[in-house]
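# Sequence and predicted structure, then a few things I'm wondering about:
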Amino acid sequence: MKAVILAAGEGKRCRPLTLTRSKVMLPVANKPILEHIINALVKNDIKEIILVVGYEKERIMDYFEDGINFGVKIKYVEQKAQIGTAHAILQARDQIGKDEDKFIVVNGDTIIGPDAIADLINGEEGDATTLLTCKKDDVSGYGVIVAKGKKVIEIIEKPKTLISHLINTGIYLFKNDIFDMIEKTSISTTGEYAITDTIQMMIDEGRPVTTTVTNAGWIDAVYSWNLLEANTIILGDFETDVSKAKIEDCVSIKGSVSIGKNTTIRAGSYIVGPVVIGDNCDIGPNVVILPSTSIGNNVSIASFSYIKNSILMQDVRVSTHSNISSSVIGSNVITGPNFITEEGEKLHIILENELNEAEKLGTVIGDDTDIGGNVLVRAGKMVSSNCRISSGKTIAEDVPTNALIN
Ligand SMILES: CC(=O)N[C@H]1[C@@H](OP(=O)(O)OP(=O)(O)OC[C@H]2O[C@@H](n3ccc(=O)[nH]c3=O)[C@H](O)[C@@H]2O)O[C@H](CO)[C@@H](O)[C@@H]1O
């Protein structure tokens, strides 16, 4: 069976991190979200994946290439304008071909494990379209499903009132007839061609649509700070492997800690897992890294720094005596000595003109930003990409892209 992954959108709610890469390429436990999905499909014996790409497509294509390093054949189709999930699926029509019986479609921006895909495949019913659903207390922001047993009665996209606790995970088993149905789908009130509208049309025409409810892990990082929660969950499955690292004397490592090749952990450092550290990093001496932290490749963290519950992407340089907690730091960010992120709980954050609440957050910093020494970032304040912040500043407001704070 073939699978189609929808990966053409930006993921605006994860800005500033998605200004330079799409949400599907954001790292969780040192792997892009998309890689977790591809692994889940490969573990279910999927041999060919069609990736629908658009926004920042080169980054995706450079990373996955033809898929050979990921154990699968990957083909790319481009969706030139991101005008909806139904339109995105339609781009894969030629690659799926008429002979294909059924194929899987997965949204590229949620983290799933192999069990979710196995549930979808095992729940297949005759020639029906199957939607993988899961139960959630708070269903706001999702497609909601009303079902009678396995039969789907109605699918309503982001309803304003509570109709059901069953949500659409964005993982489907379709037959080839979906393409003709998509072509008949009209544009929604939000200006998109939505696959949920196509599915509702199938139900209205009396075509069989069933649902399989999954209890397998399905993690949706809606906002950049949700990446930290996702990271904590995924790191929970990691096993200790420090065999490829250079560990100096008097280093203390507790819990599950995975360290990549050519990484040096210098004397006096103290690491408590779950923690994952990539290749070619230089950590210490006397650095403390606490759960649940992911550190990408080519990162250096200088002496007496303290990192907790954070994601540091690749090529980050942290100077001495820094304290980074509950933060997501984009790639190629450089911070001067005594860089401090304040941590806050239940923070109100305005993003894309919407008020949101972050359970716990330090800061989020976009790619390619340089921060001088003795800088403090107040809890929940974000610094966008390509900013220059001089020494001694306190960041008490969000900093926009390309800003120069002198
Ligand atoms: C209309 C629709 O499908 N809604 C579903 C979608 O909502 P949701 O609003 O999450 O859908 P998004 O717009 O985030 O898109 C989902 C995925 O499709 C990709 N994409 C989107 C638009 C586009 O033109 N091209 C493209 O490739 C995005 O990159 C992303 O990977 O996922 C939720 C689960 O997370 C479901 O509960 C919703 O029912």
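That came in fine, so what should we check first?
# quick one: pLDDT of the closest residue to the ligand within the chain?
Nearest to the ligand, among the residues of the chain, is residue 143, at 2.1 Å (C-beta to the nearest ligand atom). (Glycine included, C-beta is placed from N, CA and C.) pLDDT, residue 143: 95.
# Surely it and residue 155 touch.
Yes - with contact defined as C-beta atoms under 8 Å, residue 143 and residue 155 form a contacting pair (5.8 Å).
# OK, contacts around the closest residue to residue 385 other than its chain neighbours?
In this structure, residue 385 finds its nearest non-sequential neighbour in residue 366, 3.0 Å apart by C-beta to C-beta, 6 or more residues apart in numbering. Going by C-beta atoms under 8 Å, 6 or more residues apart in numbering, residue 366 touches 15-17, 19-20, 330, 382-387, 401.
# One more: residue 389?
By C-beta under 8 Å, 6+ apart, the contact set of residue 389 is 369-372, 375, 383, 395, 399, 403, 405.
# Could you rank those residues by neighbour count and give me the top one?
Counting neighbours by other C-beta atoms under 10 Å, the top entry in the contacts of residue 389 is residue 371, with 27 neighbours.
# Okay, and the beta partners of it?
Note on residue 371: beta-bridge partners residue 335, residue 389, judged by DSSP bridges.
# for the stretch 1-150 of the chain, what spans make up the strands?
Counting by DSSP state E, counting those that start in this stretch, the stretch 1-150 of the chain has strands at residues 2-7, 27-28, 31-32, 48-53, 73-78, 102-107, 110-112, 129-135, 143-148.
# least reliable of the ones you listed going by mean pLDDT?
strand 110-112 (a mean of 92).
# and it, does that touch the ligand?
Yes - in terms of C-beta under 6 Å from any ligand atom, part of strand 110-112 sits within range of the ligand, namely residue 110.
# which helices and strands sit right next to that strand?
helix 33-43, strand 166-175, strand 218-220 (3 or more C-beta pairs under 8 Å, 6 or more residues apart in numbering; DSSP states H and E).
# Let me have these in CSV, extended by distance to the ligand, mean neighbour count and mean pLDDT.
Output for the helices and strands packed on strand 110-112, formatted as CSV (distance: least, C-beta to the nearest ligand atom, whole Å; neighbours: other C-beta atoms under 10 Å; pLDDT from 0 to 100):
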stretch, distance to the ligand, mean neighbour count, mean pLDDT
helix 33-43, 9, 22, 96
strand 166-175, 4, 23, 96
strand 218-220, 5, 19, 89
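# a markdown table for those, including distance to residue 234?
Shown next, in a markdown table, are the helices and strands packed on strand 110-112 (distance: least, C-beta to C-beta, whole Å):
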| stretch | distance to residue 234 |
| --- | --- |
| helix 33-43 | 7 |
| strand 166-175 | 17 |
| strand 218-220 | 8 |
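# mind checking which of those is nearest residue 59?
The closest of the helices and strands packed on strand 110-112 to residue 59 is helix 33-43. By C-beta to C-beta, the value is 10.4 Å.
# Run the angle between the closest one and strand 48-53 for me.
160 degrees (axes from the mean of the first three to the mean of the last three C-alpha atoms, to 10 degrees).
# tilt between helix 33-43 and strand 2-7?
170 degrees.
# how far does helix 33-43 sit from the chain's center?
12 Å (C-alpha atoms, centre = their mean, to the nearest Å).
# just to revisit the earlier point, now, which of the contacts of residue 366 sits nearest residue 34?
Nearest to residue 34 among these is residue 17, at 14.4 Å by C-beta to C-beta.
# What confidence value was assigned to that closest one?
On the pLDDT scale, residue 17 gets 97.
# Residue numbers of this structure in contact with the ligand?
Close to the ligand, as judged by C-beta under 6 Å from any ligand atom, the chain has residues 6-9, 24, 52, 79, 82-85, 87-88, 107-110, 142-143, 157, 167-170, 194-196, 220.
# Next up, the contacts around residue 238.
29, 256, 258, 273-274, 276.
# re the thing from before, highest mean neighbour count out of the strands of the stretch 1-150 of the chain?
strand 2-7 (a mean of 26; mean count of other C-beta atoms under 10 Å).
# Direction included, what does that one pair up with?
Strand 2-7 is paired, per DSSP bridges, with strand 48-53 (parallel), strand 102-107 (parallel).
# need these in TSV with distance to residue 269, can you?
Output for the strands paired with strand 2-7, formatted as TSV (distance: least, C-beta to C-beta, whole Å):
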stretch	distance to residue 269
strand 48-53	39
strand 102-107	39
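# out of those, which comes closest to residue 317?
Among the strands paired with strand 2-7, strand 48-53 sits nearest to residue 317 (C-beta to C-beta), with 30.6 Å.
# Check the offset of the closest one from the chain's centre.
Distance of strand 48-53 from its chain centroid, counting by C-alpha atoms, centre = their mean, is 17 Å.
# SS state for the nearest residue in space to residue 29 that is not next to it in sequence?
The shortest distance from residue 29 to any non-neighbouring residue, by C-beta to C-beta, 6+ apart, is to residue 234 (4.1 Å). Following DSSP: H, G, I helix; E, B strand; the rest coil, the label given to residue 234 is helix.
# That'll do, ta.
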